[in-house]
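In: model the structure of this input:
(one chain, ligands or ions: 1)
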Amino acid sequence: MIIIGELINASRKAIKAAIEAGDAAAIQQVAKDQAEAGADYIDVNAGIFVGQEPEYLKWLVETVQQVTDKPCAIDSPDPSAIEAALAAHRGTPMINSISLEKDRYDKLMPIIAGTQMKVIALCMSDDGMPQTVDDRMKIADTLVNGLVKNDIPVENIFVDPLVQPVSVDKAFGTGFINAIERIVAAFPGIHTACGLSNISYGLPARKFMNQTFMTMAIAKGLDGAIINPLDKKMMANIIAAEALAGRDNFCMNYLKAFRAGMFEG
Ligand code: THG
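Out: All right, here's what the predicted structure looks like:
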């Protein structure tokens, strides 16, 4: 599982305050904690700051990279904010995300074409949120073909079928899970990703719902997720589910995690 740490997001109170105060140490602590807990990428999102998003996103990238070698997942719907953050990024980041929304697609594609960056392809278009699995597949097909034509290797594409809250519509859980199964079958070598905790929005005991949903998604082939890596039960659950799904030769990762004490407490 490719873990993208979700915690440096300005929609969270402490992060918003740290950005406004220019408190680099506070941001850096959250970056270090997530890297140590097993994050492969550190998501950075300054989306609530309309007008200042490019400047703040760039600052977040610089600030995070001063304390960790883990690359960032640059999280914005605005191609100019992504471009500003990219200019500051060392190494190979993840772009979060491109979608089929015309303006976003047309502006972002030339920035990423021919590069080795990882790219999240979000199943969203100008027609709004996809409703059915077929809607998602249609968008995914157009996005993946467009990215490959622009010399993004299929192994660097992470399709995100969009997790929506199961409290809003009981079909949203299975809709997502079935889309993962179809995407993995349709595009050999592709990766998948999602903002997993959207599933539990509006419900109590969110961590419990998130952990269980993760297990269901792993069974269908999910191999990337934007999550809270400080949730120890979630991290242990991922290790166990991947072994059970046949993605851990001789349960080596599972045994290693056990020896490291991941299943205690
Ligand atoms: N797809 C893609 N990118 C995304 C999303 C997606 N980026 C944004 C969002 N959705 C995913 N990021 C978050 C970040 C924080 C939270 C949820 C989704 C969140 N955090 C808890 C809080 O602030 O209270 C803390 C988590 C915890 O303690 O367990 O809710 O769908 N491509």
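In: excluding chain neighbours, what is closest to Tyr254?
Out: Once its chain neighbours are removed from consideration, Tyr254 has its nearest residue in Ala243; the separation is 4.3 Å (C-beta to C-beta, 6 or more residues apart in numbering). Backbone N, C-alpha and C define where each C-beta goes, glycine included.
In: make sure that neighbour is actually in contact with Asn253.
Out: Yes - because the distance of 6.9 Å satisfies C-beta atoms under 8 Å, Ala243 is recorded as touching Asn253.
In: CA-only coordinates of the helix or strand hosting Leu143, as CSV, when you get a sec.
Out: Here Leu143, judged by DSSP states H and E, is contained in helix 133-149. Presented in CSV, the C-alpha positions along helix 133-149 are these (Å, rounded to 0.1, in the frame of the first residue of the first chain):
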residue,chain,number,x,y,z
VAL,A,133,-19.6,2.7,-11.7
ASP,A,134,-20.0,3.1,-15.5
ASP,A,135,-19.8,6.9,-15.1
ARG,A,136,-16.5,6.5,-13.2
MET,A,137,-15.1,4.0,-15.8
LYS,A,138,-15.9,6.4,-18.7
ILE,A,139,-14.0,9.2,-17.0
ALA,A,140,-11.1,6.9,-16.0
ASP,A,141,-10.8,5.6,-19.5
THR,A,142,-10.5,9.1,-21.1
LEU,A,143,-8.1,10.3,-18.3
VAL,A,144,-5.8,7.3,-18.5
ASN,A,145,-5.7,7.4,-22.4
GLY,A,146,-4.9,11.1,-22.3
LEU,A,147,-2.1,10.7,-19.7
VAL,A,148,-0.5,7.8,-21.6
LYS,A,149,-0.7,9.8,-24.8
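In: report whether the helix or strand following it contacts the ligand.
Out: For helix 133-149, the succeeding helix or strand toward the C-terminus, using DSSP H and E, is strand 157-160. Yes - counting by C-beta under 6 Å from any ligand atom, contacts between strand 157-160 and the ligand involve Asp160.
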